[in-house]
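Got a sequence here, can you model it:
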Amino acid sequence: MDKHDRRSQRTRQLLSTAFVQLLREKGYSAITVSNIIERADVGRSTFYSHYRDKDDLFVSELDRVIEVLGNRIPMQKEMPFFPSLGLFRHIGEEYELYKALVWTPGIDLLIKHLQTSLRQRVEQGFHQTGRVFEIPIPILANFIAGSFVTLLKWWLENKMIYSPDQMDEMFKNLIRSSIEARYQKDHTT
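Okay, here's the model as predicted:
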């Protein structure tokens, strides 16, 4: 890694940290790019050399969280490529942050991006398994990602009345039958 890459990573980390701090303090809709660059102590042109706007920073941070959680959580039998347990645990640990997002315009961007990102992971994972399903994989992947996001939003709105592990188990029980019922066991018929 050269000096430029380290500097770029450091700048992205400063902007990310500033953004998350501001999310906690002000909520998504109240944050401006000026707030972010002031908190991170970087120039406006530096910000725009890394991100198009605060939405771009937001989805970049969300992608980073999903990637980290996907790599940190042990392989799971049903869908090793879908970090549902890690996401439930992370959101449980960061409840105040995500709770604040549920009631702001930022939630729409979060939900849309989270569902798209998870759908792509599920789709890619199903393709890697080589399994053949009765329903096209993009539709099945969108169903699973959409179900997860809907359940996650419900969980936050209901003050996390179940533990992250309980939510993950219920989510997997709900989708397990959907996945198994759509798998073509006999490819010749």
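
Other residues contacting the helix or strand hosting Glu180?
Using DSSP states H and E, Glu180 falls within helix 164-182. Residues from elsewhere that reach helix 164-182, judged by CB atoms under 8 Å, 6 or more residues apart in numbering: 76, 78-79, 84-85, 88-89, 91-92, 133-135, 140, 143-144, 147-148, 151-152, 155, 162. No exception for glycine: its C-beta is placed from N, CA and C like everyone else's.

go again using 7 Å as the cut-off
78, 84-85, 88-89, 92, 133-135, 140, 143-144, 147-148, 151, 155 (CB atoms under 7 Å, 6 or more residues apart in numbering).

Asp53: neighbour count?
Residues lying near Asp53 (other CB atoms under 10 Å) number 10.

wait, what's in contact with it?
Contacts of Asp53 (CB under 7 Å, 6+ apart): Val33.

Pick the one among the contacts of helix 164-182 closest to Lys112.
Among those, Phe148 lies closest to Lys112 (CB to CB), at 13.6 Å.

Identify the farthest-apart pair in the contacts of helix 164-182.
Taking CB to CB, no two of the contacts of helix 164-182 sit farther apart than Gly92 and Glu134, at 34.7 Å.

follow-up on the earlier one: just the buried residues of the contacts of helix 164-182.
Those of the contacts of helix 164-182 that meet the buried threshold are 84-85, 88-89, 92, 133, 140, 143-144, 148, 151, 155, by 16 or more other CB atoms under 10 Å.

can you put these in JSON lines and add secondary structure and distance to Arg64?
As requested, the buried ones among the contacts of helix 164-182 are exported to JSON lines (DSSP: H, G, I helix; E, B strand; the rest coil; distance: CB to CB, whole Å):
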{"residue": "Ser84", "secondary structure": "helix", "distance to Arg64": "18"}
{"residue": "Leu85", "secondary structure": "helix", "distance to Arg64": "18"}
{"residue": "Phe88", "secondary structure": "helix", "distance to Arg64": "18"}
{"residue": "Arg89", "secondary structure": "helix", "distance to Arg64": "16"}
{"residue": "Gly92", "secondary structure": "helix", "distance to Arg64": "18"}
{"residue": "Phe133", "secondary structure": "strand", "distance to Arg64": "30"}
{"residue": "Leu140", "secondary structure": "helix", "distance to Arg64": "26"}
{"residue": "Phe143", "secondary structure": "helix", "distance to Arg64": "26"}
{"residue": "Ile144", "secondary structure": "helix", "distance to Arg64": "22"}
{"residue": "Phe148", "secondary structure": "helix", "distance to Arg64": "19"}
{"residue": "Leu151", "secondary structure": "helix", "distance to Arg64": "23"}
{"residue": "Trp155", "secondary structure": "helix", "distance to Arg64": "22"}
